[in-house]
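Colleague: whatever this is, show me its structure:
(2 chains)
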2 protein chains.
Amino acid sequence: MPSLAESLAAAADSVTAELDRLLPVGDGPERRLREAMRYATLEGGKRLRPFLVIQTARLFNVGDTSSRRVAAAVEMVHCYSLVHDDLPALDNDDLRRGRATVHKQFDEATAILAGDALLTRAFEVLASPDTHGDPQVRCTLVAELASAAGDFGMVAGQMLDLLAEKLQPDLPEITRLQQMKTGRLITFACEAGAVLGKAHSRQRQALRAYAHDIGLAFQIADDLLDAEGDPATVGKAVRKDAGAGKATFVSLLGADRARAQARMLVDQAVAHLDGFEGEADPLREAARFIVERQS
Amino acid sequence: MPSLAESLAAAADSVTAELDRLLPVGDGPERRLREAMRYATLEGGKRLRPFLVIQTARLFNVGDTSSRRVAAAVEMVHCYSLVHDDLPALDNDDLRRGRATVHKQFDEATAILAGDALLTRAFEVLASPDTHGDPQVRCTLVAELASAAGDFGMVAGQMLDLLAEKLQPDLPEITRLQQMKTGRLITFACEAGAVLGKAHSRQRQALRAYAHDIGLAFQIADDLLDAEGDPATVGKAVRKDAGAGKATFVSLLGADRARAQARMLVDQAVAHLDGFEGEADPLREAARFIVERQS
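Modeller: Purely as a prediction, here's the structure:
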């Protein structure tokens, strides 16, 4: 059985190759747009969401092409959200994964349009017959990704995050914010394999519960990295939250309690997978990795 | 038979009511996002694309709910593209339809996110069983809207438009730009009715040809309004193209030849509808209206 590092690397390589195929640069002066889309997606990132799609799809013996295409669609949505989040009008970040952000490398207009086009392409990929033979499955994927990423999901979380400095959310409010901002897309990634494999609702529910817990644990770990990490290792600016006076799990709980909370969530996430055998081991290891990672 | 003005008003009212239902403001401080989505969609606009969806759907006896929901989805995509196009990093417009643009009324970050969420919601609406009973039809709609709106369609056209000042495109290049920027979405609007009604490919082809011609005619009329219109009537700033030294149909052909070209395109568009009887009369009248309008 491959190690977690090997499984993560295999998922990352596979989704990067798929993104490369799905995002041709094409002709015409407008290829600048498509170069920006490729810049935003082809390099780096942990590819955690693609890994989750691919591993949950394996639980139900879904074909590789299906899971790889859905993984690429989820990663397009994740990357689009980063491109827009990094813009001057939002988080104003110059650095992402150790490289210039899209609007620094290209320009703001191109970054806005490249994000728009990545989001659009994600739905095109899901709706294509190449992704799954059953159009009902494809419609479910489109509707659920849209719900996860939209104005009651990820984008609402981004809006709340922008308002957080002013609102000074408490712990339940921060939890709700993060559930929307990062949790919903992680949940979609974990449920997509079950949708592709037409899994029982009980299995789908277990994966949703797993996703809920690792999503929050992931965000707490992110806050800890911002509070304690080394920018050279983390690959982006740190201490941004404290600098902005922004409430986070760490500012509200303190680093030690936040760390304990993240570990508790991971134990809980692993327990949700009890109905699965050894084939879910990569998902169990990934949950543990989420709170141990240094970047 | 209702007049064109009555048909346009009926389509506008019907799609506005549908948008109102599909875009609830909801709870939480993030409702600011959803207020911006409603601001961007519920007021004004000619609703030309919804009209085209509704009228082409009537040719094939499609149910009102189906065509109204698809019309709303197309209008969401159109409005999102306007919100992002108006941003300071793109066209930097303060006025749209006689009102403050979304980033002026709210702020830039909210405008970016509201555009993102409208695009996302459009796909959610198309993928929902409420839109059509056959998931194959819904997948086709999702895939074709994404193709029309994406990085080889509308967004590529927006990118080309941004580069136009530098590139100084000639007539074939301007035509290609406008085909992508506005033509593709108009074509989707005209084909959607045929997809919903499972029309013969010959009928679909006729509607596509009609859409191609009215799309270009529409853009030429827009350029003429920019060159010759009164801002109070047009509802937005005019003389922007000439001020920016931007090549347009009018700058390349002159106003008289541009007007003649638009009229020729309209005649051609009407001829493509010869296979339809009187039920296509609203589409024929709409084609003529496109070049006669004053706003």
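Colleague: please state the offset of stretch A:138-153 from the chain centre?
Modeller: Stretch A:138-153 sits 14 Å away from the centroid of its parent chain (Cα atoms, centre = their mean, to the nearest Å).
Colleague: likewise for stretch A:149-164?
Modeller: Averaging C-alpha positions (Cα atoms, centre = their mean) puts stretch A:149-164 14 Å from its chain's average.
Colleague: what about the strands in chain A?
Modeller: In chain A, the strands defined using DSSP state E lie at A:95-96, A:99-100.
Colleague: next, format the ones you listed as a markdown table and append mean pLDDT and distance to A:Leu225.
Modeller: In short, each C-beta sits where N, CA and C put it, glycine included. A markdown table is the format used below for these (pLDDT from 0 to 100; distance: least, Cβ to Cβ, whole Å):
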| stretch | mean pLDDT | distance to A:Leu225 |
| --- | --- | --- |
| strand A:95-96 | 90 | 14 |
| strand A:99-100 | 95 | 18 |
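Colleague: need those in JSON lines (columns: distance to A:Gly150 and mean neighbour count).
Modeller: Shown next, in JSON lines, are the strands of chain A (distance: least, Cβ to Cβ, whole Å; neighbours: other Cβ atoms under 10 Å in any protein chain shown):
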{"stretch": "strand A:95-96", "distance to A:Gly150": "23", "mean neighbour count": "20"}
{"stretch": "strand A:99-100", "distance to A:Gly150": "28", "mean neighbour count": "14"}
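Colleague: got the ones you listed as a markdown table, with distance to chain B columns?
Modeller: Compiled in a markdown table, the strands of chain A are given as follows (distance: least, Cβ to the nearest Cβ, whole Å):
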| stretch | distance to chain B |
| --- | --- |
| strand A:95-96 | 17 |
| strand A:99-100 | 17 |
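Colleague: tabulate these (TSV), appending distance to A:Ala72.
Modeller: Listed next are those as TSV, based on distance: least, Cβ to Cβ, whole Å:
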stretch	distance to A:Ala72
strand A:95-96	19
strand A:99-100	20
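Colleague: so how many other residues sit close to the closest residue to A:Gly150 other than its chain neighbours?
Modeller: With sequence-adjacent residues excluded and distances taken as Cβ to Cβ, 6 or more residues apart in numbering or on different chains, A:Gly150 is closest to B:Thr120, at 4.0 Å. The tally of other residues near B:Thr120 (other Cβ atoms under 10 Å in any protein chain shown) stands at 26.
Colleague: which ones are touching B:Thr120?
Modeller: Taking Cβ atoms under 8 Å, 6 or more residues apart in numbering or on different chains, we find B:Thr120 in contact with A:119, A:146, A:149-151, A:155.
Colleague: mind checking which of these are in helices?
Modeller: Those of the contacts of B:Thr120 mapping onto helices are A:119, A:146, A:149, A:155, per DSSP state H.
Colleague: count of residues packed around the spatially closest residue to A:Ala227 that is not a sequence neighbour?
Modeller: In this structure, A:Ala227 finds its nearest non-sequential neighbour in A:Val250, 4.6 Å apart by Cβ to Cβ, 6+ apart. Neighbours of A:Val250 under the rule other Cβ under 10 Å: 22.
Colleague: A:Lys166 too?
Modeller: A:Lys166 sits with 8 neighbouring residues when counted by other Cβ under 10 Å.
Colleague: A:Thr65 now?
Modeller: 12.
Colleague: over to A:Asp20?
Modeller: By the criterion of other Cβ under 10 Å, A:Asp20 has 14 neighbours.
Colleague: quick check: pLDDT value at it.
Modeller: A:Asp20 carries a pLDDT value of 98.
Colleague: from A:Ala221, how far out is it?
Modeller: Note on A:Asp20: its distance to A:Ala221, by Cβ to Cβ, to the nearest Å, is 29 Å.
Colleague: and if you look at A:Arg34?
Modeller: According to Cβ to Cβ, A:Arg34 stands 33 Å off from A:Ala221.
Colleague: picking up where we left off before, of all the strands of chain A, which one is nearest A:Gly28?
Modeller: Closest to A:Gly28 of these is strand A:99-100 (Cβ to Cβ; 24.4 Å).
Colleague: partners of the closest one in the sheet?
Modeller: If you go by DSSP bridges, strand A:99-100 pairs up with strand A:95-96 (antiparallel).
Colleague: please enumerate the helices of the stretch 151-295 of chain A.
Modeller: Counting by DSSP state H, counting those that start in this stretch, the stretch 151-295 of chain A has helices at residues A:154-167, A:171-178, A:184-196, A:201-228, A:231-234, A:240-243, A:249-253, A:255-271, A:281-292.
Colleague: name the residues of the last one that are buried.
Modeller: Within helix A:281-292, the residues that count as buried by 16 or more other Cβ atoms under 10 Å in any protein chain shown are A:282-291.
Colleague: next, the angle from that helix to helix A:255-271.
Modeller: Using axes from the mean of the first three to the mean of the last three Cα atoms, to 10 degrees, the direction of helix A:281-292 lies 170 degrees away from that of helix A:255-271.
Colleague: swap in the longest one?
Modeller: On the basis of the same axes, to 10 degrees, helix A:201-228 is oriented at 160 degrees to helix A:255-271.
Colleague: which of the residues in helix A:201-228 are buried?
Modeller: A:203-204, A:206-227.
Colleague: what about that helix, average pLDDT?
Modeller: For helix A:201-228, mean pLDDT rounds to 94.
Colleague: low-confidence stretches in the stretch 51-200 of chain A?
Modeller: Of all residues in the stretch 51-200 of chain A, none has pLDDT under 70.
Colleague: which residues touch A:Leu224?
Modeller: A:250, A:255, A:258-259, A:262.
Colleague: do A:Tyr39 as well
Modeller: By Cβ under 8 Å, 6+ apart, A:Tyr39 lies in contact with A:102, A:105-106, A:114.
Colleague: ditto for A:Gln261
Modeller: A:220, A:249, A:253.
Colleague: could you redo the last one with a cut-off of 10 Å?
Modeller: Contact analysis of A:Gln261 by Cβ atoms under 10 Å, 6 or more residues apart in numbering or on different chains lists A:171, A:216-217, A:220, A:249, A:253, A:291.
Colleague: OK, contacts around A:Ala17?
Modeller: A:42, A:68, A:72.
Colleague: and the closest residue to the last one other than its chain neighbours, how close does it get to A:Cys79?
Modeller: Excluding the flanking residues, the one nearest A:Ala72 by Cβ to Cβ, 6+ apart is A:Glu18, at 4.3 Å. Separation of A:Glu18 from A:Cys79 (Cβ to Cβ) stands at 13 Å.
Colleague: the more surrounded of the two?
Modeller: Neighbours were counted for A:Glu18 and for A:Cys79 using other Cβ under 10 Å; A:Cys79 has more, 25 against 22.
Colleague: I'd say A:Gly44 and A:Arg96 touch.
Modeller: Yes. With contact defined as Cβ atoms under 10 Å, A:Gly44 reaches A:Arg96; the gap is 8.7 Å.
Colleague: okay, A:Arg284 and A:Ile214: tell me how far apart.
Modeller: From A:Arg284 to A:Ile214 the distance is 10 Å (Cβ to Cβ).
Colleague: now do the shared contacts for the two.
Modeller: A:266, A:269-270.
Colleague: any of these buried? List them.
Modeller: Applying 16+ other Cβ under 10 Å to those flags A:266, A:269-270 as buried.
Colleague: looking at the contacts of A:Gln261, which is nearest A:Leu4?
Modeller: Taking Cβ to Cβ as the measure, A:Leu4 lies nearest A:Val291 of the contacts of A:Gln261, at 13.2 Å.
Colleague: residues contacting the closest one?
Modeller: Applying Cβ under 10 Å, 6+ apart, we find A:Val291 in contact with A:214, A:217-218, A:220-221, A:224, A:259, A:261-263, A:265-266.
Colleague: change it to 7 Å
Modeller: By Cβ atoms under 7 Å, 6 or more residues apart in numbering or on different chains, A:Val291 lies in contact with A:217, A:221, A:262-263, A:266.
Colleague: looking at those residues, spot the one nearest chain B.
Modeller: Nearest to chain B, judged by Cβ to the nearest Cβ, of those is A:Ala217 at 23.1 Å.
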